[in-house]
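**Student:** take this sequence and fold it.
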Amino acid sequence: RRCVEYLVDVCDAVQELHFSGLLHGRISADRCVVTEDDRVRLIDPGLLAAIGRAVPESAAAIELREADGAPERPILAALALDGRVDVFDLGIIIRIWLADMSGPLADQLRIISTKATSHDRQDRYRSAGELGDDLRCALSPHAHNGDDGMTLTDGLSPILKIALLTLSAVMGFTIGVLLF
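**Tutor:** Residues are numbered from 1 along each chain as shown. Alright, predicted model coming up:
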């Protein structure tokens, strides 16, 4: 649970960076450092490019083409960048942490990470702030507890609810009946 709270802080920091017109470009768990006062800091910007501009042909662009990460990384030099590159990296961190988790929170994080790491960037969260909002909702006590009349999806964004319903229809699950 505390790791997810840290990731919410990272999402807030990334959103601030994006509001400033910049991308981090290489977010990973080892670039998230917890300070002595129990706050998380995002360090070592890998790309630090301007949002809406193509990556210049440079050592950083060549490194990104060869690195793992968002599917669009190999063609970053030709794309006008947006925050969804960083959102993909945040989704990878969630997936890594999910390996050791189970239960209702893990189930919600699995759904969130799937959206954050979609290979089609149009299907990802539009911003780190939107991802952070869904993480906050997943952490709220009522998101996991049906005893108060709420369902597991009450805290999720409408877009995520639609995605869940679509997934349930395509896969033939009864998720719509169970969660809504």
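
**Student:** residue 35 contacts residue 42, doesn't it?
**Tutor:** No. Contact criterion CB atoms under 8 Å: residue 35 and residue 42 do not qualify, at 11.5 Å. Every residue, glycine included, has its C-beta placed from N, CA and C.

**Student:** the more surrounded of these two?
**Tutor:** When neighbours are counted by other CB atoms under 10 Å, residue 35 and residue 42 differ, and residue 42 comes out ahead with 20 against 8.

**Student:** helices of this structure, residue ranges please.
**Tutor:** Under the criterion DSSP state H, helices of the chain are mapped to 2-19, 59-66, 84-98, 104-116, 128-139, 158-171, 175-179.

**Student:** in the longest one, what counts as buried?
**Tutor:** Think helix 2-19. 3-4, 6-15, 17-18 (16 or more other CB atoms under 10 Å).

**Student:** now the fifth one
**Tutor:** By neighbour count, and taking 16+ other CB under 10 Å as the criterion, the buried residues in helix 128-139 are 128, 129, 130, 131, 132, 133, 134, 135, 136, 137, 138, 139.

**Student:** was I right to think residue 101 contacts residue 107?
**Tutor:** No. Using CB under 8 Å, residue 101 is not in contact with residue 107; the gap is 9.3 Å.

**Student:** who's in contact with residue 95?
**Tutor:** Contact criterion CB atoms under 8 Å, 6 or more residues apart in numbering gives 113, 117 as the residues in contact with residue 95.

**Student:** tell me the pLDDT at it?
**Tutor:** Residue 95 carries a pLDDT value of 92.

**Student:** then the one 3 residues further on?
**Tutor:** At residue 98 the predicted local confidence, pLDDT, stands at 86.

**Student:** roughly how far apart are it and residue 91?
**Tutor:** Computed as CB to CB, to the nearest Å, the residue 98 to residue 91 distance reads 10 Å.

**Student:** for this structure, which residues score under the pLDDT cut-off?
**Tutor:** Flagging of the chain using pLDDT under 70 yields the residue ranges 45-50, 52-80, 142-180.

**Student:** change it to 50
**Tutor:** 56-67, 74-75, 78, 146-151, 173-180 (pLDDT under 50).

**Student:** so residue 134 sits against residue 113, correct?
**Tutor:** No. Counting by CB under 8 Å, residue 134 stays clear of residue 113, with 10.2 Å between them.
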